Every structure is written in C-alpha cells, then in structure tokens.
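A.B. asks: Fold the following, please.
(2 chains)
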Number of protein chains: 2
Amino acid sequence: MKLLENRILKDGRIINGDVIKVDSFLNHQLDIELLDKMAEEIKTHFSNKKINKILTIEASGIAIATVLALKYSNVKVVFAKKKKTLNIGDSFTSNVSSFTTKKDYIVTVSKEFLNEDDNILIIDDFLAEGNALKGLIDISNQAKANIEGICVAVEKGYLNGAKSIRNMGYELLSLAVIDSIENGKFHFK
Amino acid sequence: MKLLENRILKDGRIINGDVIKVDSFLNHQLDIELLDKMAEEIKTHFSNKKINKILTIEASGIAIATVLALKYSNVKVVFAKKKKTLNIGDSFTSNVSSFTTKKDYIVTVSKEFLNEDDNILIIDDFLAEGNALKGLIDISNQAKANIEGICVAVEKGYLNGAKSIRNMGYELLSLAVIDSIENGKFHFK
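C.D. replies: Have a look, this model is predicted:
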C-alpha cells in the first residue's frame, strides 16, 4: 500500500539498527485518516470472505481493528490481553516470545468471546518473526474458530515471520513490506 | 445514555461485590455499533468545543477514542502507555494508583505528541476514583495542552472520582452513571 509506505518513509524511524518506530501515526499517536484508508484496503482484499469477528491484540492492534469493524455490519472486535501471569478463569491462552522486548508473555482470550461459529480476521500492527500472530492463531485453533485471513500493517520482510505464517496455510496480507534497512533508510518490496 | 445503561443492565456483571465487568461489549470484546452511538453522543455533547486531539490510555480507551476521532476531520488520537518502569526518553509521565488492581503504574506520553497548541478531549472507559484521568490531566498540564473536556463511558457514581474531577474545573461527561450496586444489581442515576 503506497500510502502507508510513503508515510513510513516520511515519519518512520529506525532505532538500534532494527527497531522500527511508527509512533507518530500507528503506535502511540494514531492518524485516524490513514487507518481508515488502511481499513478500506483490508476490506477490499478480503471482500470474498465472510467475517463476523476481528481478533487482535492489545494495544496497537485495537485501533486498526476498530476502524475496520466499522466498515462491516455486525462484526465485533475481540482483543487478546497480554498478561505476565495467568489469573483469569476460563480462557484460551498461548505463550508468546516478543521479538522487540525479548520477553515472554501470555496472550489471553476469554472462552466466552471466541468459538467454532466464528469466522475471523486476525489483525496486528507489526509482523516480525510472527510470534504474536502465532499466539492468536493458536488461540483461534483452540476455540475451533475459522481463520478467514490475517492482516498486518507493517511486515519486516527480511525476517521469516510472513513465510512461516503462509506455510501454515493462512492467507496473509501485509500492507507494507519493509525489505531491508540500509544506512538508516527503509527499502520496500 | 439509555442505550449504554440498558446494555450494562443486560450484559454487565458484578464480581467480588464491586468490580464491574463489561467485557462482552466494552473491555475485551467490543460492540462497535454501540461504540459508534456512544461516540455520536460524545461529539454532540462537546459540539461547542474545538478539538484537535483525543487523549486516552491503553488499552480499553483506544477503541472509543478511535471511533470518536473518525467523526471529526483532522483529529488525532494519542494513547498514553502504561509502564511499570520509566525507560522511554523524552516523555511526560505521571504516577497512577489503580483502583481495580491496587497497584501503581506510570502513564507516559511522548513529548512529541502533546503540546501547548493542542485542544484535547480526554477519554476513558471507566471512572472510579479518577486516578487514571488525573494522570492524563497531569500529563496534559505538563504539556500545557488545553483540556476542552473529559468523557468516560461508565462512572461509578458512588465513588468520589467525578466530583473531584469537576472540582478541578473540568467539564466531565459520563455516558452512564452507576449510582449503586445492590443485591448484585445495577442502579443508575
């Protein structure tokens, strides 16, 4: 998606060689007009799918999922919670290793809000090694929900995340694929 | 707001006498159509204010803030991050005691995304003792941003949060005010 790539070129920053900061429009401050155009692109891409629920993970995935859900009727958003420990009752949980922080956390979704009748689209902001997405896939499979598709805003194309998600048989849409970072500059696929 | 009150009556739950769970539509699963109607109500209430930014706090405030921002043009959302420790650079921070978890945390907003030119609306999902809101107010004041108004989805009217926020001179809109919980039932103002 050219619009998102251009925005990353203009406002994205690179920290410590590999950490990509998109804080000014996607991760801390939210450019709602941009999110709206991204949601339009996602809806068009998955227009042949029948979706009743969007599954994402707190916190940065919530805004995109919300804008996207508004474009459908009767589509709910469920956001998985990140917990250090397990202290909620009847939940689907999955262990995730964070690529960015190098720490493990547990993603949790209440059993009330995901089940075998759900046709879901999984959304997240970033795809690096795909660990968070694999946690959401694991939870969806535990719930026997049907995963219609997966979408991320920004894929780090130089890592193996996208490949391993596609090898699992899922349809994955990445709105912007960063192919490499050279001399502090982004290059897109 | 009758629609929200009715939804709380229908789907809200009470745990341990005082913890109000609205997980099925506001805090974990999100009923986007309901959020859209709540946002319409908020925009109407603050129609005489000139707002360029909505400030909220992760994670549950993000969805309402996002839906609301879509109803304006050129209004950005900034969500404060909750951190256990201070590890980001140039940020406004404030210490918050959580009413629900009884733990302290630090709310953080990058200095890049809040400044004296901002006319902001502060949004959160719950108002109990008002500690999270006071953290956001503190951060806004540090940034010299102009607080045009404050809105919460659900106020626990039997606590002092709303009163103390209004005593600080701010205009506060609570979409639903729970006046009391008796015998496991909600009563509204």
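
A.B. asks: Bridged to the residue nearest the centre of chain A, which residues?
C.D. replies: Chain A has A:Asp124 as the residue nearest its centroid, 1.1 Å off, counting by C-alpha atoms, centre = their mean. Judged by DSSP bridges, the bridge partners of A:Asp124 are A:Val152.

A.B. asks: you'd agree it is up against A:Ala59?
C.D. replies: No - using C-beta atoms under 8 Å as the test, A:Asp124 is too far from A:Ala59 to be in contact (11.2 Å). Quick note: C-beta positions are derived from backbone N, CA and C, even for glycine.

A.B. asks: Now A:Glu171. Nearest residue, chain neighbours left out?
C.D. replies: Closest residue to A:Glu171 apart from its sequence neighbours, by C-beta to C-beta, 6 or more residues apart in numbering or on different chains: A:Gly149 at 4.6 Å.

A.B. asks: thought the one you found was touching A:Asn48?
C.D. replies: No - between A:Gly149 and A:Asn48 there is no contact, the gap being 9.7 Å when judged by C-beta under 8 Å.

A.B. asks: Which one's more surrounded, those two?
C.D. replies: For the pair A:Gly149 and A:Asn48, the greater number of neighbours falls to A:Gly149 (19 against 7), based on other C-beta atoms under 10 Å in any protein chain shown.

A.B. asks: What is the subsequent helix or strand relative to the helix or strand hosting the more buried one?
C.D. replies: Per DSSP states H and E: A:Gly149 is located in strand A:146-156. Using DSSP H and E, the helix or strand that follows strand A:146-156 towards the C-terminus is helix A:161-167.

A.B. asks: Just after that next one, pick out the following helix or strand.
C.D. replies: In N-to-C order, the element after helix A:161-167 by DSSP H and E is strand A:172-182.

A.B. asks: Sheet partners, orientation included, of that next one?
C.D. replies: Paired neighbours of strand A:172-182 in the sheet (DSSP bridges): strand A:146-156 (parallel), strand A:185-188 (antiparallel).

A.B. asks: Determine which stretch of the ones you listed is the most buried.
C.D. replies: Highest mean neighbour count among the strands paired with strand A:172-182 (mean count of other C-beta atoms under 10 Å in any protein chain shown): strand A:146-156, with a mean of 23.
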